[in-house]
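S.K.: Just to be clear, the model below is a prediction. Sequence and coordinates:
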Amino acid sequence: MAHSPEEITNSDTREDVDAKTSRRGGIAGLLETGLRRFRVGGYLVALTPLYIIGITAMGVSATPAVILFNFILESTAEWHPIFHQAAIACSIVAGYFLYGITLVFVIPLVNFLMPFRLKPFRGGYYSLGAVPWYFHNALTYIVRYTFLEFITPTPMNILFYRMMGMKIGKDVHLNTTNISDPCLIEIGDKVTIGGSAHIIAHYASKGYIIVDRVKIGKGTTVGLKATIMGDVHIGEQAAIGPHEVILPKSRIPAGRRPFQRIEKEPKSKGEQPSQDFP
């Protein structure tokens, strides 16, 4: 179901991204005003909890690896030096994979415990509305850039994205880690996502961030290194060609073939992407 600008947030569609003060009231307004007036410093302060949460989650995930390392170190201390050093080396490598598998479960738990949820959003980067978007993706990227490649494509990567809130049907083949905003992405049954494809439920221009849902219908094939951006709906049994880019607000009909041009009715100004804002 498509979201009109009013359904995303009516006030944010006309937000002045250069404004130094917030239109919010109370403590939220004070925080957002501080974020806008002191942009770099404000964001560092606002995101300090994220760094603490990330370090803690990674530290907890690394704990089993440290336990394994210390166990091997102590239990092989009397071995011949060559075998002792080999055992330590193996424990380091095994510890990394133990860390990664643990992280796959710890990060979704942390994401679930967050006091806010990412929702469709349209507004400025320096705003409180953008903070859930930043947190959700930062947590996703901790796994993406440290371990996810080692379990892609396997049922483990699908399990991770499901735990992060992505709706994934049956018999889905997900051969990419280039996914942002997973909680706003829905993938139907028997969908194939090709290697290194990008699925991004947001786009940005002129200081605005637009975050909106992506829906990929049943039986669709997304080719190698294709890109699907925010607010895109793809019908059932469609095919997206390799390296093809599906721009924001696109509605791809069922059964569409790769690179097939879709004639669309002209959109009103309010329905256009962010670069058409006044």
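M.R.: Yes, it's here.

S.K.: Quick check: phi and psi on the residue most central in space within the chain?
M.R.: Nearest residue to the geometric centre of the chain (Cα atoms, centre = their mean): Ser180, 2.6 Å. Note on Ser180: its backbone torsions stand at phi -120, psi 150 [degrees, to the nearest 10].

S.K.: Excluding sequence neighbours, find me the nearest residue to it.
M.R.: Spatially, and ignoring its direct neighbours in sequence, Ser180 is nearest to Ile200 (4.6 Å; Cβ to Cβ, 6 or more residues apart in numbering). For the C-beta atoms, the positions are set from N, CA and C on the backbone; glycine is no exception.

S.K.: before we move on, what about Ala130?
M.R.: Ile209 is the one closest to Ala130 (Cβ to Cβ, 6+ apart), at 5.7 Å.

S.K.: Who are the contact partners of the one you found?
M.R.: Neighbour list for Ile209: 121-125, 130, 133, 202, 274 [criterion: Cβ atoms under 8 Å, 6 or more residues apart in numbering].

S.K.: Let me know the closest of these to Met229.
M.R.: Among those, His202 lies closest to Met229 (Cβ to Cβ), at 7.8 Å.

S.K.: Is the closest one in contact with Cys183, as I believe?
M.R.: No - with contact defined as Cβ atoms under 8 Å, His202 does not count as touching Cys183 (11.8 Å).

S.K.: So for those two, which sits in the more crowded spot?
M.R.: Neighbours per residue (other Cβ atoms under 10 Å) separate His202 from Cys183, with His202 holding more: 23 against 20.

S.K.: can you tell me the helix or strand for Thr48?
M.R.: helix 39-75 (DSSP states H and E).

S.K.: residues of that helix that come out buried?
M.R.: Using 16 or more other Cβ atoms under 10 Å as the test for burial, helix 39-75 gives 42-43, 46-47, 53-54, 57-58, 61-62, 65, 68-69, 72.

S.K.: And the next helix or strand past that helix?
M.R.: According to DSSP H and E, the helix or strand after helix 39-75 is helix 81-113.

S.K.: average pLDDT for that next one?
M.R.: Mean per-residue pLDDT for helix 81-113: 97.

S.K.: mind checking how far the helix or strand following that helix is from the chain centre?
M.R.: Counting by DSSP H and E, the next helix or strand C-terminal to helix 81-113 is strand 121-124. Offset of strand 121-124 from its chain centre (Cα atoms, centre = their mean, to the nearest Å): 17 Å.

S.K.: Name every strand pairing with strand 121-124 and say which way it goes.
M.R.: Next to strand 121-124 in the sheet, as set by DSSP bridges, lie strand 208-211 (antiparallel).

S.K.: Dump the C-alpha coordinates for the partner strand into PDB.
M.R.: Taking Å, rounded to 0.1, in the frame of the first residue of the first chain, the C-alpha atoms of strand 208-211 are listed here in PDB:
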ATOM      1  CA  TYR A 208      15.800  15.800   3.200                       C
ATOM      2  CA  ILE A 209      15.600  12.100   4.100                       C
ATOM      3  CA  ILE A 210      12.600  10.100   2.800                       C
ATOM      4  CA  VAL A 211      12.200   6.700   4.400                       C
END
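
S.K.: In the stretch 1-150 of the chain, where is pLDDT below threshold?
M.R.: Applying pLDDT under 70 to the stretch 1-150 of the chain flags the ranges 1-14, 17-20, 22, 28-29, 31-32, 34-35, 39.

S.K.: Count residues in the vicinity of Asp231, would you?
M.R.: Neighbour count of Asp231, defined by other Cβ under 10 Å: 26.

S.K.: which residues sit in contact with it?
M.R.: By Cβ under 8 Å, 6+ apart, the contact set of Asp231 is 2-3, 201, 203, 210, 212-214, 248-249.

S.K.: Then Ala130?
M.R.: Listed by Cβ under 8 Å, 6+ apart, the contact set of Ala130 reads 121, 123-124, 209.

S.K.: Now His243: closest residue in space that isn't a chain neighbour?
M.R.: In space, His243 is closest to Lys225, 5.0 Å off (Cβ to Cβ, 6+ apart).

S.K.: mind checking the SS state of that neighbour?
M.R.: Here Lys225 is recorded as coil under DSSP: H, G, I helix; E, B strand; the rest coil.
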